[in-house]
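Student: just coords:
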C-alpha cells in the first residue's frame, strides 16, 4: 500500500505557498499564489489525493526556510529531502545545478546547460525548470535567459513573481553595471 500524500499551506511575504510530502520526502512545492483559494485549486490539480495535515518536523523546517527566504534572509534549502528520483535523469542534472545556486546569484539557461556538460541545450534546460516540482527549494527562479532577460515562470503572477523573488534575494540579474556601479570611484566614497 503506497504511503499517503500530505500537504500544508502556509503564508509568506509574497503569498500563500504549500509543501507536499509523502513519507519522509518532499514531493512538491507550490509557489506563492495571490490568495489561499487559488493556491488550493492549483494544489488540488497537481496532487488530487493529498490530505491537508500538520507538518512533521522536516516539513516544518522546510516551511521555516521558505518563509525566511521570501522575507529576504539568505537561506540554503538544498539539504531538504526532496524526491529527485521521481524526475528524469536530465531534469535531475538541471536541478542539481540549480540547487547549487546560492541566494542572490543567478545563472543563465546556457550556463546551466554547460555545467551539466551539454552546451547548446539551453531550451531543454528551460523546459526542465518549467517542470520543476520543487520550486523555491530547487530555485528555478535563479535561472535567467541570456543577457539578463527573465525567461519564463509558471507561478501565479508569472515573470513578475520571479522578479519579486530575485529582488527579495537582492540578486544581480545582469552583468551590466548597476546605476551606482557605473559612478567614478571618487563619487562612490561618500
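Tutor: Structure received. The shown structure was predicted, so the numbers you read here are calculated from the model rather than taken from an experiment.
Student: domain assignment for this structure?
Tutor: For the chain, the TED database gives the domain ranges 5-71, 87-169.
Student: For the residue nearest in space to the middle of the chain, give me its contacts.
Tutor: Centroid-nearest residue in the chain: residue 136, 2.5 Å away (criterion: Cα atoms, centre = their mean). Contacts of residue 136 were listed using Cβ atoms under 8 Å, 6 or more residues apart in numbering, and they are 17, 29, 31, 66, 69, 70, 77, 165. C-beta here means a position set from N, CA and C on the backbone, and glycine is covered the same way.
Student: export these to a markdown table and tack on neighbour count, distance to residue 88 and pLDDT?
Tutor: As requested, those are exported to a markdown table (neighbours: other Cβ atoms under 10 Å; distance: Cβ to Cβ, whole Å; pLDDT from 0 to 100):
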| residue | neighbour count | distance to residue 88 | pLDDT |
| --- | --- | --- | --- |
| 17 | 24 | 25 | 94 |
| 29 | 23 | 18 | 95 |
| 31 | 25 | 21 | 87 |
| 66 | 23 | 25 | 95 |
| 69 | 22 | 26 | 92 |
| 70 | 21 | 28 | 91 |
| 77 | 21 | 22 | 94 |
| 165 | 25 | 25 | 82 |
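Student: Cross those residues against helices and list the overlap.
Tutor: 66, 69, 70, 165 (DSSP state H).
Student: With distance to residue 81 added, can I get the domains of the chain in JSON lines?
Tutor: JSON lines is the format used below for the domains of the chain (distance: least, Cβ to Cβ, whole Å):
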{"stretch": "domain 5-71", "distance to residue 81": "5"}
{"stretch": "domain 87-169", "distance to residue 81": "10"}
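Student: ok, of these, where does mean pLDDT dip lowest?
Tutor: Lowest mean pLDDT within the domains of the chain: domain 87-169, at a mean of 88.
Student: Show me how far that domain is from its chain's centre.
Tutor: 8 Å (Cα atoms, centre = their mean, to the nearest Å).
Student: now do stretch 12-26
Tutor: 12 Å.
Student: go on, stretch 40-51?
Tutor: 19 Å.
Student: mind listing what's buried in that stretch?
Tutor: 40, 42, 43, 47, 50 (16 or more other Cβ atoms under 10 Å).
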